[in-house]
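Asks: Generate a structure from the sequence data that follows.
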Amino acid sequence: MAKKIPMRQCIGCGEMKSKKELLRILKTAEGEIAIDVTGRKNGRGAYLCFSGECLRKAIRTKGLERSFQMKIPPEVTERLEKEFENINDK
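Replies: Just a heads-up that it's a prediction; the model follows:
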């Protein structure tokens, strides 16, 4: 039997992709928001494509805020954008 591939939806573009193709954004129990590179940390996860455009779209349409059910301060979104650029440069 074929192994089931876990699918997730990008909160930026809304496309369904396999978990490996997406980057996980994490909200910890303390309410801190970070990029989860391993995809295994504890907390509420939201998924994004590896494109900066999807991140900007998720911020603009408040997709991240809906996923985490909280208001996200501008300094957090700026930090996420910087981290995102660093990951895409590698």
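
Asks: now the strands: where do they sit in this protein?
Replies: Secondary structure of the chain (DSSP state E): strands at 7-9, 16-18, 23-27, 33-36, 44-48.

Asks: who touches the second one?
Replies: By CB atoms under 8 Å, 6 or more residues apart in numbering, the surrounding residues in contact with strand 16-18 are Ile5, Pro6, Met7, Arg8, Gln9, Cys10, Tyr47, Cys49. Any C-beta I mention is one placed from the backbone N, CA and C, and that applies to glycine too.

Asks: and what of the fourth one?
Replies: When contacts are defined by CB under 8 Å, 6+ apart, strand 33-36 is touched by residues 23-28, 43, 45, 64, 68, 72, 76, 80, 83-84, 87.

Asks: hmm, try it at 7 Å
Replies: Strand 33-36 is contacted by residues Leu23, Arg24, Ile25, Leu26, Lys27, Gly45, Ile72, Val76, Leu80, Glu83, Ile87 when judged by CB atoms under 7 Å, 6 or more residues apart in numbering.

Asks: which residues touch the most centrally placed residue in the chain?
Replies: Among the residues of the chain, the one closest to the centroid is Ile25, at 3.3 Å (CA atoms, centre = their mean). Under the criterion of CB under 7 Å, 6+ apart, the neighbours of Ile25 are Ile33, Ile35, Gly45, Ala46, Leu48, Leu64.
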